[in-house]
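Trainee: Show me how the following folds:
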Amino acid sequence: MDIFTTFFNLAVLERSFPLLLSGLWITLELGVVSIIGGLIGGLILALLRLYGHPAIQALAKIYIDIFRSIPLLVLLIVIYYALPFVGIRLSPFVSAVSALTLVSTAYTAEIFRAGIEAIPRGQFEASEALGLSYRHMMAEIILPQAIKIVIPPLTNNCINVMKDTALASVVAMPDLLKQATQAQALTANPSPLIGAAVIYIAFLWPMVIVVARLEKRFSAGRRR
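Mentor: Got it, this is the predicted structure:
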């Protein structure tokens, strides 16, 4: 058997394609839900970290430090395999979303914090001088500028979350990688794994290009 018959077997890829597509759909669901959860949680956590009560700020910092330190795979295994021992049993999908969201929230919070701290102090003082409440100041003045600054790192973090969804296969989640390994076992040929890699590249590559363009655009804007 040559390399094309072993790794690029078109007949095997054709038979495995429906299985890979079903896995891709689950991967997208997993990634999108986790990204949205991470964005919402990260923004709230960043605001608590910056403007909350000192005790809340300390707790937010501890959360961020812990979930940026713990490997995602370890967290996923703990949630899925250890929590049932204390009476909490989650489905593979909920376990994977929980682990991805918890970690993504920590990273996203730091990204938002950096963006808010990059806003000149004069913007806060001008808002206060105009008599804007804290809510209006953040919603109308500070956050729109901060979000513009952090779009490139946020998009980069979203790409990482999508790639990390492949770890969900360890809790029997039928995502793209899991379906590819099952197809490999059924056909006794690794071509489905190559097919899965091509699919990952096909939907992540455009996001990588978008990040590069956004970084270039905002870097040019800051130099003006």
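
Trainee: What number of residues are in the vicinity of Ile35?
Mentor: 22 (other C-beta atoms under 10 Å). All C-beta atoms are positioned from the backbone trio N, CA, C, and that covers glycine.

Trainee: And Phe4, how close does it get to Gly195?
Mentor: When distance is defined by C-beta to C-beta, to the nearest Å, Phe4 is 14 Å away from Gly195.

Trainee: out of the two, which sits in the more crowded spot?
Mentor: Gly195 (25 against 10).

Trainee: residues in contact with the closest residue to that one other than its chain neighbours?
Mentor: Closest residue in space to Gly195, ignoring its immediate chain neighbours: Leu13 at 5.0 Å, by C-beta to C-beta, 6 or more residues apart in numbering. If a contact means C-beta atoms under 8 Å, 6 or more residues apart in numbering, then Leu13 has Ser191, Pro192, Ile194, Gly195 as its contacts.

Trainee: Okay, and Leu13 sits in which element?
Mentor: Counting by DSSP states H and E, the element that carries Leu13 is helix 10-51.

Trainee: Check Glu29 and give its pLDDT.
Mentor: Looking at Glu29, its pLDDT is 94.

Trainee: any idea how far Trp205 is from it?
Mentor: 20 Å.

Trainee: neighbour count winner among the two?
Mentor: The neighbour comparison of Glu29 against Trp205 (other C-beta under 10 Å) goes to Glu29, with 14 against 11.

Trainee: ok, the more buried one - contacts?
Mentor: Glu29 neighbours (C-beta under 8 Å, 6+ apart): Phe93.

Trainee: Thanks again, I'm all set now.
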